[in-house]
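**Q** next input, structure requested:
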Amino acid sequence: MKTHFIGRDRIPDSMVLAVVLVSTVYWVLDSILNIFFSNKFNLIAQLIGPDLYDIYIRVVVLCLLVILGSHGQTIINRLREAQQKLKESEELWRSLVETAPDTIMTVDQAGVIRFINHPLAEMPPGSVIGRCLYDLLPEDYRGTAQEIVKNVFRTGETDMFEVRMDGQRSPAWYTYRVGPLRMEHRVIAATIISTNTTEFKRAEELSRYKELFENVADSVFILNRNGVVMECNDRVYESTGFTQPELVSRPLADLAVPDQSDFVRAMLQGVLREKEARFELTVKAKSGGVVPYEISCRYVVYLGEPCFLCVARDVTQTQLLHNQLIRSERLAATGQLAASIAHEINSPLQGITALLNVLRSTYTEDDYLQRKLDLVKSAFNSIRDTVKNLIDLNRPGKEKKQLTDANQVINNTVALVKSLLKKNMITVRMDLAATRSTLFASPQQIGQVLMNLINNAVESITGAPGYFESAHLTPGGGGRLVVQTYNRDEQWVLELKDSGPGIPEEDLNRIFDPFFTKKKPLGMGVGLTICHGIIEDHQGKLTASNAPDGGALFTIALPLRPDNHPTDSREDASSASAGQPA
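**A** Numbers count the residues shown, from 1 in each chain. Predicted coordinates for the structure are as follows:
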């Protein structure tokens, strides 16, 4: 029950109303009675007398005036309190609206802005009020905004739309939420809250980009304007062996091989001018090797900053196939040349050999002449073998293939060269760890390959300056040869490593080329070429590299005999002698 104050007493509003009502009823009845009885029917005047009655009337009127005045003051006070609360509420609302991070505005049905708390489109609120909202939006979004505002006035339901504003540096996205402003169940205006969602859009785009970035099959580098690595995907770490802390914040020029550092800087400068470029780059790997890349580089904007996007494809296998194709073409050309040489040489050799046989049979008692004829025949045999080797460059694999224990071939071959190794003070360590070593191969040819590799290793070790002096004077100063085997997937793998000076980097891609040699002044340079052809004929791979701790490393990978490979009794019988090289 509401009350008002008279001094410090609390008088209920109902009491005030009751007093006023009783007084009113009394005066009405008293007036009616006086009219009908000619002012003679006045009970109070008769009881208290005319003088006191006049005082009584004055007191009653004074009390009514005091009560009515007090009640009127209460109403005035209440109005003031309501106005103060309304003002405080308005100030609070205005403070909230003005400090809100979003732009809040109200528009009428025509889209005219009637209120706005923040600048819009870089225009202060004072200059925006009274203008049509649609005129301030990009043309592509005006129709959508107008339709949504009309729909809010028509249905009273909240709706929203997005706008992309193209700025000078980068685009900005805004989300407009439109809601009804009601008065007595009638929509009198539309309230629009504009939120800058650029960062959210960027995060959304970044999330999609990250997914593509990590799942792309090629290596991807992102460099800043100075060519420093900002990000890489997992393919880069897998191919180079580096970890993220080891790559990020390093210039790409430092990751390239030394002779390509200036080339990288020049190519990035070219991308700045042309916006795109393609080039080949060799990057250093953590293991000490290199990774050849074919790079497509573009100048793009990433996270609001200009940068270089480099998509790098590892072309190691492509280069191997290319080199193999070149080597095959060279072998084909060599085979044609060998056939021509063989025809031109063998014809005179046959006549000379026949003449020598006549001389041998005619002068059988002349020992001196027989010795000289033997020397000449030996020279002719050497020429014949040389011609045969030239022809075999293009047609290896004439020997019969059979089930062969590759580990046993190694044992037999090393036993044959044991005296050669001892003579040159070279120790050999064998680690034949391959548990599966049965191949379908020619044991003679596999032994020939291994023999050739061992001979090359011996020549490489002993060819080092001062080797024999050091081997004689220094305990343990001799050479070392390590032969080990193991299984990798469905392959038998042999690694032969020596303690020699290794292979020069510039020769690694040419070492299997025919007639390429540096170690033998009188050699033909066809030994490794024949070995390479033999291994390829067995569907295997022969590679050459330098071991991390020094020395040359030759690796042979051959396919294991399939479990379902057909066998016959002749193969089974011959497999017992599979370990004898030619």
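**Q** please make it C-alpha for all contacts and neighbour counts, starting now.
**A** Fine.
**Q** domains for this protein, by residue range?
**A** For the chain, the structural domains run 3-96, 101-196, 201-314, 319-392, 402-577, going by automatic domain parsing.
**Q** got the contact list for the residue nearest the centre of the chain?
**A** Central residue of the chain (Cα atoms, centre = their mean): Asn233, 2.3 Å from the mean position. Listed by Cα atoms under 8 Å, 6 or more residues apart in numbering, the contact set of Asn233 reads Phe213, Glu214, Ser219, Val220, Phe221.
**Q** for Val112, state which of these is nearest.
**A** Nearest to Val112 among the contacts of Asn233, counting by Cα to Cα, is Phe213 at 45.7 Å.
**Q** if we can go back for a sec, would JSON lines of the domains of the chain with mean pLDDT be doable?
**A** Shown next, in JSON lines, are the domains of the chain (pLDDT from 0 to 100):
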{"stretch": "domain 3-96", "mean pLDDT": "69"}
{"stretch": "domain 101-196", "mean pLDDT": "86"}
{"stretch": "domain 201-314", "mean pLDDT": "84"}
{"stretch": "domain 319-392", "mean pLDDT": "72"}
{"stretch": "domain 402-577", "mean pLDDT": "80"}
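**Q** re earlier: would you check which pair of the contacts of Asn233 lies furthest apart?
**A** Farthest pair in the contacts of Asn233, by Cα to Cα: Glu214 and Phe221, 11.4 Å.
**Q** compare those two (neighbour count), which wins?
**A** Comparing Glu214 with Phe221 by other Cα atoms under 10 Å, the one with more neighbours is Phe221, at 24 against 15.
**Q** any idea what that one is bridged to?
**A** With DSSP bridges as the criterion, Phe221 is bridged to Cys232, Cys310.
**Q** ok, back up a step: in JSON lines: the contacts of Asn233, plus distance to Arg94.
**A** As requested, those are exported to JSON lines (distance: Cα to Cα, whole Å):
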{"residue": "Phe213", "distance to Arg94": "47"}
{"residue": "Glu214", "distance to Arg94": "49"}
{"residue": "Ser219", "distance to Arg94": "55"}
{"residue": "Val220", "distance to Arg94": "52"}
{"residue": "Phe221", "distance to Arg94": "51"}
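**Q** so which of the residues you listed is the closest to Gln445?
**A** Ser219 (40.8 Å).
**Q** got the contact list for Glu344?
**A** Residues near Glu344 by Cα under 8 Å, 6+ apart: none.
**Q** that one and Arg94, how far apart?
**A** As judged by Cα to Cα, to the nearest Å, Glu344 and Arg94 stand 108 Å apart.
**Q** walking through the stretch 151-300 of the chain, point out its helices one by one.
**A** 198-215, 234-240, 244-247, 252-255, 261-274 (DSSP state H, counting those that start in this stretch).
**Q** what lies in contact with the longest one?
**A** Okay, so that is helix 198-215. Under Cα under 8 Å, 6+ apart, the answer for helix 198-215 is Pro171, Ala172, Trp173, Tyr174, Val220, Asn233, Asp234, Leu303.
**Q** neighbours of the third one, how many?
**A** Number of residues near Trp173 (other Cα under 10 Å) recorded here: 17.
**Q** how far does the longest helix anywhere in the chain sit from its chain's centre?
**A** If you go by DSSP state H, the chain has its longest helix at helix 50-99. Distance of helix 50-99 from the chain centroid (Cα atoms, centre = their mean, to the nearest Å) equals 76 Å.
**Q** ok, stretch 269-281 next?
**A** For stretch 269-281, the distance to the chain centre is 21 Å (Cα atoms, centre = their mean).
**Q** check contacts around the residue lying closest to Leu558 once chain neighbours are set aside.
**A** Leaving out its chain neighbours, the residue that sits closest to Leu558 by Cα to Cα, 6 or more residues apart in numbering is Gly540, at 4.4 Å. Residues in contact with Gly540 (Cα under 8 Å, 6+ apart) are Ile556, Ala557, Leu558, Pro559.
**Q** in those residues, which residue is surrounded by the most others?
**A** If you rank the contacts of Gly540 by neighbour count (other Cα under 10 Å), Leu558 sits at the top with 25 neighbours.
**Q** quick one: it from Ile534, how far?
**A** Relative to Ile534, Leu558 is positioned 11 Å away (Cα to Cα).
**Q** over to Val149?
**A** 81 Å.
**Q** ok, now Pro101?
**A** Pro101 is 77 Å from Ile534, by Cα to Cα.
**Q** more crowded one of these two?
**A** Just comparing Pro101 and Ile534: by other Cα under 10 Å the higher neighbour count belongs to Ile534, 25 against 13.
**Q** may I see the buried residues of the one helix or strand the more buried one maps to?
**A** Taking DSSP states H and E as the definition, Ile534 sits inside helix 527-537. Residues Gly527, Leu528, Thr529, Ile530, Cys531, His532, Gly533, Ile534, Ile535, Glu536 are the ones in helix 527-537 that count as buried (16 or more other Cα atoms under 10 Å).
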